[in-house]
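[1] Take a look and give me a structure for this.
(one chain, ligands or ions: 3)
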Amino acid sequence: MKLILLGPPGAGKGTQAKMLTDRFTIPQISTGDILRAAVKESTPMGIKAKTFMDGGALVPDEVVVGIVKERLQKDDCQRGFILDGFPRTVAQADALKSTLGGLGKELDAVVSLEVDTEALVERLTGRRTCKDCGRGYHVKFDPPRAGGICDACGGKLFQRDDDNEATIRKRLDVYGQQTMPLIAYYRNDGVLAEVDGMQPMDVVQQRIVSVLQAK
Ligand code: ADP
Ligand code: ADP
Ligand code: ZN
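    Ligands and ions are numbered 1, 2, ... in the order given. Predicted coordinates for the structure are as follows:
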């Protein structure tokens with residue numbers, strides 16, 4: 001199963017990708033997670049990416065395309081993968097198409113998660129992430145059992161630097177201008193499925209699974 005989760009920041013892509021990984025044992029490829037790991041380790045790529053990420057802008061296409069190309073060649077992608085947060089521009093989508101073509105692969109589905117703007121802001125300002133295992137939480141919609149501590153591994157939860165209201169608004173603008181055109185792009189390719197992302201997490205998951213089962 002080769003799947004893209006498309007949607008604005010806060011739509012629930014990471015949350016749904018993690019649930020799908022557990023269900024189908026295929027890897028989640030999150031360019032955001034890979035970039036944040038590079039920032040944390042201060043690699044040359046991380047140092048370059050940090051300014052874009054902190055400003056709510058996209059990291060240049062050639063950087064993320066390089067990351068994904070390399071990742072898709074790994075053995076664990078043989079049975080499928082979930083792309084979370086990539087592609088985000090038409091140039092990235094074109095590059096993905098040629099990479100997959102070169103590997104003799106084709107996408108099965110592009111799921112677009114639809115969520116109202118104000119709900120996105122509320123989700124992102126309340127988002128917390130485990131620093132050890134990466135599990136996501138929400139202070140109101142999915143709180144941990146013990147304040148500030150991950151249920152799964154006991155790690156400390158943190159708030160991402162870019163999850164402040166000003167940067168969130170900027171990221172939502174960038175989404176509208178640079179990523180939203182991909183909805184028409186994949187509709188035109190006949191692989192788009194729109195899912196109501198305003199539903200509770202398990203309902204959204206069920207709907208995505210239904211889309212995949214219909215393939
Ligand atoms: P994305 O990866 O698309 O940016 P996340 O999966 O990180 O989004 O979700 C953003 C925030 O919203 C997280 O705090 C998450 O717990 C919460 N969230 C995700 N899905 C839902 C949902 N269906 N209803 C309410 N909150 C949600
Ligand atoms: P969210 O979906 O919550 O906005 P991500 O973790 O996917 O967050 O991305 C965080 C940041 O990483 C983005 O704002 C951007 O700077 C960078 N980034 C992630 N994926 C891409 C991509 N495919 N193209 C360009 N920049 C990206
Ligand atoms: Zn954890």
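
[2] in this structure, what residue sits furthest out from the centroid?
    In the chain, the greatest distance from the average C-alpha position (C-alpha atoms, centre = their mean) is reached by residue 146, at 26.2 Å.

[3] what separates it from ligand 3, distance-wise?
    Going from residue 146 to ligand 3 by C-beta to the ion, to the nearest Å gives 12 Å. The C-beta positions use only the backbone N, C-alpha and C, and glycine is treated the same way.

[4] Also residue 61?
    On the measure of C-beta to the ion, residue 61 and ligand 3 end up 32 Å apart.

[5] Could you check which helix or strand contains residue 113?
    Applying DSSP states H and E as the criterion places residue 113 in strand 109-114.

[6] Counting neighbours, which bits of that strand end up buried?
    Across strand 109-114, burial judged by 16 or more other C-beta atoms under 10 Å covers 109-113.

[7] and if you look at stretch 62-75?
    Of the residues in stretch 62-75, 63-65, 67-68, 71-72 count as buried by neighbour count, 16+ other C-beta under 10 Å.

[8] Report the distance from it to the chain centre.
    15 Å (C-alpha atoms, centre = their mean, to the nearest Å).

[9] now swap in stretch 58-78 and tell me
    On C-alpha atoms, centre = their mean, the centre of stretch 58-78 falls 14 Å from that of its chain.

[10] average pLDDT for that stretch?
    Averaged across stretch 58-78, pLDDT comes to 97.

[11] what comes into contact with that stretch?
    Under the contact criterion C-beta atoms under 8 Å, 6 or more residues apart in numbering, stretch 58-78 has outside partners 26-27, 29, 31, 34-35, 45, 48-49, 52-53, 81, 83, 86, 88-89, 91-92, 95-96, 99-100, 103, 174, 178.

[12] quick one: low-confidence ranges for the protein?
    By pLDDT under 70, the chain has no low-scoring segment.

[13] tell me the strands in it, going along the chain?
    With DSSP state E, the ranges of strands along the chain come out as 2-6, 28-30, 81-84, 109-114, 127-130, 136-138, 157-158, 192-196.

[14] right, so those: which one is the most enclosed?
    When you average the neighbours per residue for each of the strands of the chain (mean count of other C-beta atoms under 10 Å), strand 2-6 leads with a mean of 26.

[15] how far off strand 109-114 does it point, in degrees?
    20 degrees (axes from the mean of the first three to the mean of the last three C-alpha atoms, to 10 degrees).

[16] which bits of the protein sit near ligand 3?
    Proximity of the chain to ligand 3 (C-beta under 5 Å from the ion) is limited to residues 130, 132-133, 135, 150, 152-153, 155.

[17] before we move on, back to that, could the buried residues of strand 109-114 be laid out in a markdown table, adding distance to residue 11?
    Putting those into a markdown table (distance: C-beta to C-beta, whole Å) gives the following:
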| residue | distance to residue 11 |
| --- | --- |
| 109 | 16 |
| 110 | 13 |
| 111 | 10 |
| 112 | 9 |
| 113 | 4 |
